[in-house]
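>>> Quick check, what structure comes out for this input:
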Amino acid sequence: MARYLTFHTLACLTRQGAAQLVERFRQAPGVRAARVVVNLQDGKMLVEWESPEREPLERWLDSEKMHRDWLLRIEYEAREGPLEPT
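Model (predicted):
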């Protein structure tokens, strides 16, 4: 399954609100939130998703009225070794 990153700007979100948002992500049909990173002080959130294609993820985010600053498909990645296709 393809992986994607979304970046979000959040306004006035509490830790409890962020936890509720993560639970909403976990209930998304057809896509999976693999990792969620939040900085409440700066109001920013980065989410790594798994989705068969870009469109189902975009449709779900739009249906939830979840604004995103950007959405990026992860095509290559380097962890401990060289850059490789994902």
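>>> surely residue 77 meets residue 86?
Yes: with contact defined as Cβ atoms under 8 Å, residue 77 counts as touching residue 86 (5.2 Å). (Glycine included, C-beta is placed from N, CA and C.)
>>> Against residue 9, how distant is the spatially most central residue of the chain?
For the chain, the residue sitting closest to the mean C-alpha position, by Cα atoms, centre = their mean, is residue 47 at 2.5 Å. Taking Cβ to Cβ, to the nearest Å as the criterion, residue 47 is separated from residue 9 by 13 Å.
>>> picking that back up, list the residues that contact the residue nearest to the centre of the chain.
For residue 47, the contacting residues are 5-6, 8, 25, 33, 35-37, by Cβ atoms under 8 Å, 6 or more residues apart in numbering.
>>> How far off centre is stretch 60-77?
Computed by Cα atoms, centre = their mean, to the nearest Å, the separation of stretch 60-77 from the middle of its chain amounts to 6 Å.
>>> From start to finish, how long is that stretch in a straight line?
In terms of Cα to Cα, to the nearest Å, the two terminal residues of stretch 60-77 are separated by 25 Å.
>>> Kindly report the same for stretch 45-59.
Using Cα to Cα, the end-to-end distance of stretch 45-59 comes out at 19 Å.
>>> And for stretch 35-44?
From the first residue to the last, stretch 35-44 extends over 14 Å; the measure is Cα to Cα.
>>> repeat for stretch 27-44
Stretch 27-44 has its terminal residues 21 Å apart, counting by Cα to Cα.
>>> what's in contact with that stretch?
Stretch 27-44 has contacts (Cβ under 8 Å, 6+ apart) with 1, 3, 7-15, 18, 21-22, 25-26, 45-52, 56-57, 60, 64.
>>> How about stretch 79-86?
For stretch 79-86, the external contacting residues (Cβ under 8 Å, 6+ apart) are 2-3, 74-78.
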